[in-house]
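Participant: here is a sequence together with a model predicted from it:
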Amino acid sequence: MTSRRRLHVLLPLLVLMTSSSAGAAEAQGAIRDAIVASAQSLYDALTAGKPEVWERLLTADAVVMDEFGRRQTRAEIVKDIHPFPPGFSGKLEVRDPHVHVYGDSAAVLDCEAYEEETVFDQKLLVRYKFMFTFVRQGKDWKLAGLAGTTLPTEPPALEVPDVRLGDYPGTYRWGPDRVFIVSVTDGKLAHARKAGGPATALAPLAKDVFMEGGDERNLIIFRRGADGRVQELIERRKFNDLHAKRE
């Protein structure tokens, strides 16, 4: 969740399978309903601050990976669940669930988590993709692994003063055959990876700082020289900077 670490229960975990070489079967009926209901109850317990639900539904050796790559054990995630503080409220909803079973001992649910949060009357909306790995222990399905990722969504547009779009167009090279070609079309900044290639819109965040459209939402930072002219484009991706010099 955007304001509370405990609501960011998110992606890359393993998919637990049986030792059988048989492929997965799409779950039907009672098994599918039970798996989806368990996932929704875990979400509800997060927003309600009920750690006992997680304690009951997790295996003893369960692992949760959050969206920042932090690893949590069963004990750690249970300890981290608390009711919302005053001024906060929210809910998470399972959407578009797909459940596959592996033999009679393992099941994998992938779904969207649709999150709505209110922070002192401000409305926030975040969408995630989650993967749950359940194993059967006796008659019960227990959660052994959970991981997920945040889905990029269109951010609110910002009005940024003193952005002179004419300062940025040009070719910025970062390899022998690798360039960013920056242009202005219909009063909006964009870049392409090659001449005549598809253009990706750049939305202003601050002077000389833009956000790419598309799936990754990387930051584009234009760096100026001592003379005030733009000399370099920096694409900040996954906490790394790719430098491209202006030709």
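Facilitator: Alright, I've got the coordinates. Numbers count the residues shown, from 1 in each chain.

Participant: who touches the residue nearest in space to the middle of the chain in this structure?
Facilitator: Among the residues of the chain, the one closest to the centroid is Thr150, at 1.4 Å (Cα atoms, centre = their mean). Thr150 makes contacts with 10, 67, 126-128, as judged by Cβ atoms under 8 Å, 6 or more residues apart in numbering. Backbone N, C-alpha and C define where each C-beta goes, glycine included.

Participant: Thr73 too?
Facilitator: Thr73 touches 61-64, counting by Cβ under 8 Å, 6+ apart.

Participant: got a quick ChimeraX command for the buried subset of these?
Facilitator: In ChimeraX, a selection of the buried entries from the contacts of Thr73 looks like this (16 or more other Cβ atoms under 10 Å):
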select :62,63,64
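
Participant: so which of the contacts of Thr73 are in strands?
Facilitator: Mapping these onto strands (DSSP state E) picks out 61-64.

Participant: please, which helix or strand holds the residue lying farthest from the centre of the chain?
Facilitator: Centroid-distance maximum for the chain: Asp227 at 39.4 Å, with Cα atoms, centre = their mean. Assessed by DSSP states H and E, Asp227 sits outside every helix and strand.

Participant: contacts only, for it.
Facilitator: Contacts of Asp227 (Cβ under 8 Å, 6+ apart): none.

Participant: residue contacts, Thr200?
Facilitator: By Cβ under 8 Å, 6+ apart, the neighbours of Thr200 are 190-192, 212-214.

Participant: again but with Val53, I slipped
Facilitator: 41-42, 44-45.

Participant: does it sit in a helix, a strand or a coil?
Facilitator: helix (DSSP: H, G, I helix; E, B strand; the rest coil).

Participant: which positions within the helix or strand encompassing Asp44 qualify as buried?
Facilitator: Here Asp44, judged by DSSP H and E, is contained in helix 29-48. For helix 29-48, a neighbour-count test (16+ other Cβ under 10 Å) marks 31-32, 34-36, 38-43, 45-47 as buried.
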